[in-house]
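Peer 1: Structure, please.
(one chain, ligands or ions: 1)
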Amino acid sequence: MTLAFHKYQGTGNDFVILDDRAAQFDTADHARIARLCHRRFGIGADGLMLLRNHASYDFEMVYFNADGRPSTMCGNGGRCLVAFAKYLGVITDEAYFLAVDGPHAARVEADGTVRLKMIDAAALQPAEVGEGAVFVHTGSPHHVHFLAAEEGHTLAEFDVHSAGHAIRYDPAYDPAGVNVNFVEVPADPAHPWPVRTYERGVEAETLSCGTGVTAVALAASQRGAASPVRLQTPGGLLEVAFQTQPGGGFANVWLSGPAVRVFGGEISL
Ligand SMILES: N[C@@H](CCC[C@H](N)C(=O)O)C(=O)O
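Peer 2: Modelled structure (predicted):
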């Protein structure tokens, strides 16, 4: 039996997407999902998503990390799924869909940019690990670490895998774990903020993380950045717009960037 799939990427965060409007895919078979995402034995991806019908929304997003397990919200994944919904003709330019963290509005611009409204975020908290780091939940849990001068002059030289793995598995984040973002503070806060992310469930650095750059943008607002903040990931440029709330939280949070169909095919896995 073969499985039809589509491969998408949003600033290099890549996904296998399945049209599962008939709700036939076995979501409990985590080993199969991990095989489909495997870069040598499968299609290769940071995660897998199902587009499913929903009675009250344009569609439902069902997300799994590359390890095959369901997880919390994926911002780049959500943007790619909106582009896929347009490709299928499920939506035209506007979408209102349901994800694991609740409803999301989205819009596909004429140039292909996909804007996704993220959930409101609570005020930034000091992280329990690392001097000056902050924690914020943007649909997924994120630790944001601003590089200090003594850790290397540029983010490009930093050992994201080792440092990210250590923080992700720090007992302070048990049992859920955390995604870990490393940020270089630009000379001018109006310039793009360089970000690299170690992702939980991929257990490696990815080329970009949408909920991660959202967390970084909110954290950067405490260091002089004004909305909208531009974030430079290894896979490309993203933008996050937001409004700060009186209690320190954030509302009207929008994540924007490219979301591209790479190829489609059939696999007998
Ligand atoms: N790449 C994603 C985040 C996906 C979820 C994450 N790995 C987790 O388990 O928290 C994004 O673009 O937000």
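Peer 1: Up against the ligand, what does the chain have?
Peer 2: Of all the residues in the chain, those in contact range of the ligand (C-beta under 6 Å from any ligand atom) are 13, 46, 65, 71-72, 74-77, 140, 179, 199-202, 209-212. Where you see a C-beta, it was placed from the backbone N, CA and C, and this is true even at glycine.
Peer 1: Low-confidence regions, this protein specifically.
Peer 2: 149-153 (pLDDT under 70).
Peer 1: domain ranges for it?
Peer 2: As given by automatic domain parsing, the domain ranges for the chain are 3-116+258-267, 125-257.
Peer 1: mind checking the longest helix of this protein?
Peer 2: The residue-count maximum for a helix in the chain (DSSP state H) belongs to helix 75-88.
Peer 1: Just the C-alpha atoms of it, please, in PDB.
Peer 2: In PDB, the C-alpha atoms belonging to helix 75-88 read as follows (Å, rounded to 0.1, in the frame of the first residue of the first chain):
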ATOM      1  CA  GLY A  75       4.600  27.800  13.900                       C
ATOM      2  CA  ASN A  76       6.400  27.100  10.700                       C
ATOM      3  CA  GLY A  77       4.400  23.900  10.300                       C
ATOM      4  CA  GLY A  78       1.200  25.900  10.700                       C
ATOM      5  CA  ARG A  79       2.300  28.300   8.000                       C
ATOM      6  CA  CYS A  80       3.200  25.400   5.700                       C
ATOM      7  CA  LEU A  81      -0.200  23.700   6.400                       C
ATOM      8  CA  VAL A  82      -2.000  27.000   5.500                       C
ATOM      9  CA  ALA A  83      -0.100  27.000   2.100                       C
ATOM     10  CA  PHE A  84      -1.100  23.400   1.600                       C
ATOM     11  CA  ALA A  85      -4.700  24.200   2.300                       C
ATOM     12  CA  LYS A  86      -4.600  26.800  -0.400                       C
ATOM     13  CA  TYR A  87      -2.800  24.300  -2.800                       C
ATOM     14  CA  LEU A  88      -5.700  21.900  -2.100                       C
END
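Peer 1: quick one on the thing from earlier: format the domains of the chain as CSV; extra columns: mean neighbour count.
Peer 2: Shown next, in CSV, are those (neighbours: other C-beta atoms under 10 Å):
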stretch, mean neighbour count
domain 3-116+258-267, 19
domain 125-257, 19
